[in-house]
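**Q** model the structure of this input:
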Amino acid sequence: MPAERAGYTVTMFLIDTSPSMNALRTVDLPPDQNGQVHTTQMTHLEWSLQFVKLKIQEMIFNGRKTDQCGIIVFGSEDTQNIINDQSGGYENVSEYIPIAQPNATTLTKLDMLKATQSFGDPIDALIVGIETQAAHLASKKTWTRKIVLVTDGESPIEIEDWEATVEKMNILNISLAIMFVVHCYARTSVIDDFEPSGVDFDDEIFGYAEQDKNPFKRVNEEFYRKFTEAMTTGIVGTCEEALQETARPDIKQTKSVLMGTLLRLGDVDVKPEEALELVVKTSKCTALSRPKSWKKFAVREDKTKESGQDEDEDMDMEDDKEEVAKVAYAQLKMRSEYYVQTGEVDAEEDVKMEDDEENLLEPKEKEKEEPSEEGNASHLEKVEKEQLVRGFKYGTTYAPCPDGQFPRLPTQKGIDICGFFPAKNFRRELSMGEIQYVWADPSSAHQQAALSSIVQAMYEKNVMAIARWVTKDGMDPKMGVLTPVIFDEVDCFLWAQMPFADDVRKYNFASLDNLVSKKGEVLTEHPFIPTEEQLEAMDSFVDGMDLMDAGERDEEGNRTAWFDTLESYNPSIHRTKQAMFHCAVVPDLAVNPLPPPHPELLKYFEPPNRALKRSRDALEECKNVFKIKHVPKKVAKTRKEGHAHAQDDDEDLLLDGKRPSLHTSMSQVHISETTTSTQPSTAKSKAKAKHDDSETEEEDEEEEELLLDSVKKPAATPPPAAPRNNQPLPTPARSMSPDVDPGRAPGRIIGSTYPLADFKKNVAQGDVVTKAVEDFAAVITEIVMRPFSSRRNSELLECMQVLRETALLEDEIDAWNAFLVDLKDKCTSEPGNQEFWSEIQNVGRALSLISNKEAKQNGGTSKISESGAINFLT
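**A** Next up is the predicted model:
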């Protein structure tokens, strides 16, 4: 089904208001808060108008000016339509609401609609609807036309020449040739068919059949089915089915507007003969959908009561009061005012950080120190927005930016292909934002052939392109990837935005199967390392939860996938929308509560029974193998601080994590108690803290051996001396910043963040020199081959000098020579890093190979001669 253009639609609702629509019916209401089911009485007209109002709400919800509707009633007491005004006839058919963009007033007028004592012909109403649409869309031939006929089927119908009406509708459809569909809605969520939405028509698919049906209604129902079957598009459905289908989650496919830009391969300015520039069009492939934002309302204040007006003035403004009384609520709107603090400011308060903690234990003293609201107001001066300068936070200060933004890069509009990489290396989890199509210019066959050749070449090579997209001259660039896509009749690209390297945070986690002790030894058996039996049990559990064959069977009897992204909907969007629609048309939610969600919205809320049944045995096996048991929360022993910490449920699951000691930080309670303690008690607490720390260190000594890169815990901070009388309590120390990622790969003891410091630290231990030299050499090579490594050239040269000295003194000469040969090969090859190798050549012999002569002076051996070491750098 081709995508439908959003908006540009006129829907005519033809509503039957004949006497039979005034008949009462019993309607089941949704369960209330207590789970009780209630019923209510309403007429056929009120029942059917619920569907009409829901469809009109959809138009109001979308907010498109090109989404319009009109209401025509047949069976009205008077006659008012364009055909009657011109040539008479078509009695009891009135244009109740002219064609326009619907609003809240449209729903209010529908609520005022009542059944009458007159009958109207549905065919007359249909013809009037066609002519009214044609008159309104005389100059808008590309617009979509839709008709909804709501009736109970008991109104008399003039069936003479009805074939001519169907033929005219089909002829008009052919003449327009662009989605000219005159239709109505009941069975599908999108109104795309002419459909008399019958009130309680028989429906075999829906499973409804009216008992003791009026013979006259039965004849009319057969006529409606015959009428719709003769149309190009037409269907008959029940009103109850239509009301249920309006709650179905609906994702309307719309046609995105093509935006022109340029696709460049190579530098068209410097080397135009080697570059390629194509005219392309972009359009949205996916669009992010969010729930509608809520608006805040408050009770409107009656200012007339507060003004104290006399009786004469009250009489003169009586009409105004009545108008105000009609609207009890008013929408709240945001208003911003700017103030600056004047006068003297305390130096300590001036440097206070915004994340400093407040002393919550002494609210009374704080209230005494804080000035009153009147005092604060006296130091605040209101300023206008024009007097302010925009600033951006930089650390603890703000960097002013008078122009509102910093200078932009001198970018040029277009999409520049920077390079290619294998598609298997694409990290899908880094894709961000919406997906865009990149098409060739539809009006140029030459451009289409050129783009198609690039797409097919990339598709055959199974590669993707790194691209830089600038939407407009001077705008900030976006980096992303271009994926080749080959459809049946056209080739194109899919664009996906990717983050910059600085925007990607890398988190290092301990390995689950590779555990290294502090001495550098690789452990093969440990409670933290899973056994083969545990791995097999977990594999069976994961295989049992496979959803690819947990769905229903297809026509051939094969199991299908349980989850389908096209049938999965966002509950926050569709349930919020359903609630808004229901509350807008229901006067009392206590009497008529919100109905339950549509079954399609809850389709994937529960896991499939097949997967649960299949994984039950595997789950029990995992519980037995892993010895899973419930661990109750442990409450630590009450400390002198006066409080204890309860462990979280997930705390015992952390592999190498340790709970920080209660003595490593000073709590507010501890500070509060020390202010009233005497000096001897303070000394006693110091001794107690020292004793507790010694016990903690002895208990954790064995566990610390497993953590190579563990950081020593700071010693317990002794409590401060008690302050003198009338002095403020000491401010707690600021929390420590999070540890910097050392950049250590699994199994290594040298990181890429501070490699030299890590190397010196490990060499000082004396028992992991060989491992340290090996890892240090590998880290230096990796940093040299990274992009933008020139910023660390001086640091890398210093690292190499320290590594060479250590290798010479610790008899690791072969490791240094092998490292330098490998580094030279990588630097001098493509893409390599010739710049860094030139830096090494400038240093000269001090960074060359270690010769046999030099090795003997330090008690070692080498296979490299002195001349070979000298000529190595040339």
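
**Q** which secondary structure elements does the helix or strand containing residue 806 sit against?
**A** Using DSSP states H and E, residue 806 falls within helix 793-809. When contacts are defined as 3 or more Cβ pairs under 8 Å, 6 or more residues apart in numbering; DSSP states H and E, helix 793-809 sits against helix 755-765, helix 769-784, helix 813-828, helix 834-843. C-beta: built from backbone N, CA, C; applies to glycine.

**Q** any idea how far that helix is from the chain center?
**A** Its chain's average C-alpha position is 47 Å from that of helix 793-809, according to Cα atoms, centre = their mean, to the nearest Å.

**Q** what residues does it touch?
**A** 755-756, 759-760, 763, 769, 773, 776-777, 780, 783-784, 789, 812-813, 815-816, 819, 835-836, 839-840, 843, 846-847, 850, 854-855, 858, 860 (Cβ atoms under 8 Å, 6 or more residues apart in numbering).

**Q** buried residues in that helix?
**A** 793, 796-797, 799-800, 802-804, 806-808 (16 or more other Cβ atoms under 10 Å).

**Q** one more: stretch 445-453?
**A** 447-448, 450-452.

**Q** what does stretch 330-341 give?
**A** Buried-residue list, stretch 330-341, by 16+ other Cβ under 10 Å: empty.

**Q** any idea of the mean pLDDT in it?
**A** Mean pLDDT, computed over stretch 330-341, is 87.

**Q** and that stretch, how far apart are its ends?
**A** End-to-end distance for stretch 330-341, by Cα to Cα, to the nearest Å: 33 Å.

**Q** stretch 592-607 too?
**A** For stretch 592-607, the first-to-last residue distance is 32 Å (Cα to Cα).

**Q** before we move on, what about stretch 133-145?
**A** 7 Å.

**Q** now for the closest residue to residue 507 other than its chain neighbours, how many residues are close by?
**A** Using Cβ to Cβ, 6 or more residues apart in numbering and skipping the chain neighbours, the partner closest in space to residue 507 is residue 741 (7.7 Å). By other Cβ atoms under 10 Å, the residues close to residue 741 number 13.

**Q** residue 741 is in contact with residue 506, isn't it?
**A** Yes: the criterion here is Cβ atoms under 8 Å, and residue 741 meets it with residue 506 at 6.5 Å.

**Q** regarding residue 51, what is its secondary structure?
**A** At residue 51 the chain is in helix, as set by DSSP: H, G, I helix; E, B strand; the rest coil.

**Q** what's the closest non-adjacent residue to it?
**A** Closest residue in space to residue 51, ignoring its immediate chain neighbours: residue 242 at 5.0 Å, by Cβ to Cβ, 6+ apart.

**Q** about what we covered before: quick check: the farthest pair among the buried residues of stretch 445-453?
**A** Farthest pair in the buried residues of stretch 445-453 (Cβ to Cβ) is 447 and 452. Separation: 9.5 Å.

**Q** overlap of the contact sets of those two?
**A** residue 440.

**Q** make TSV from the helices and strands packed on helix 793-809 and add mean neighbour count, distance to residue 285 and mean pLDDT to it.
**A** Converted to TSV, those look like this (neighbours: other Cβ atoms under 10 Å; distance: least, Cβ to Cβ, whole Å; pLDDT from 0 to 100):
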stretch	mean neighbour count	distance to residue 285	mean pLDDT
helix 755-765	17	44	88
helix 769-784	20	37	90
helix 813-828	17	40	90
helix 834-843	14	41	89
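
**Q** closest one to residue 289 among those helices?
**A** helix 769-784 (43.0 Å).

**Q** give me the contacts around the closest one.
**A** Contacts for helix 769-784 (Cβ under 8 Å, 6+ apart): 520, 748-752, 755, 758-759, 762-763, 789, 792, 796, 799-800, 803, 806-807, 810, 812, 815-816, 819, 822-823, 826-827, 833, 836.

**Q** repeat that with 7 Å
**A** Residues from elsewhere that reach helix 769-784 (Cβ atoms under 7 Å, 6 or more residues apart in numbering): 520, 748-750, 752, 755, 759, 762-763, 789, 792, 796, 799-800, 803, 806-807, 810, 812, 815, 819, 822-823, 826-827, 833, 836.

**Q** helix, strand or coil for the residue nearest to residue 51?
**A** Going by three-state DSSP: residue 242 is helix.

**Q** also residue 148?
**A** Three-state assignment for residue 148 (three-state DSSP): strand.

**Q** my guess is it meets residue 11, correct?
**A** Yes: judged on Cβ atoms under 7 Å, residue 148 makes contact with residue 11 at a distance of 6.4 Å.

**Q** and residue 629, how many neighbours does it have?
**A** Residue 629: 6 neighbours (other Cβ under 10 Å).

**Q** typo on my end, it should be residue 571
**A** Other residues near residue 571 come to 14 when the count uses other Cβ under 10 Å.

**Q** now residue 118
**A** 16.

**Q** next one: the closest residue to it other than its chain neighbours from residue 79, what distance?
**A** The spatial neighbour of residue 118 that comes closest, neighbours along the chain excluded (Cβ to Cβ, 6+ apart), is residue 92 at 5.0 Å. Per Cβ to Cβ, to the nearest Å, residue 92 is found 6 Å from residue 79.

**Q** tell me the phi and psi of residue 67?
**A** Residue 67 has phi and psi values of phi -100, psi 100 when expressed as degrees, to the nearest 10.

**Q** for residue 478, same thing?
**A** Torsion angles, degrees, to the nearest 10, at residue 478: phi -120, psi 140.

**Q** likewise the one 4 residues further on?
**A** Listed backbone geometry of residue 482 is phi -110, psi 120, with angles given as degrees, to the nearest 10.

**Q** list the contacts of it.
**A** Contacts of residue 482 by Cβ under 7 Å, 6+ apart are 438, 464-465, 467, 493, 495.

**Q** surely residue 483 is within a strand?
**A** Yes: counting by three-state DSSP, residue 483 is found in a strand.

**Q** that one contacts residue 463, correct?
**A** No: Residue 483 is beyond contact range of residue 463, at 9.7 Å (criterion: Cβ under 7 Å).
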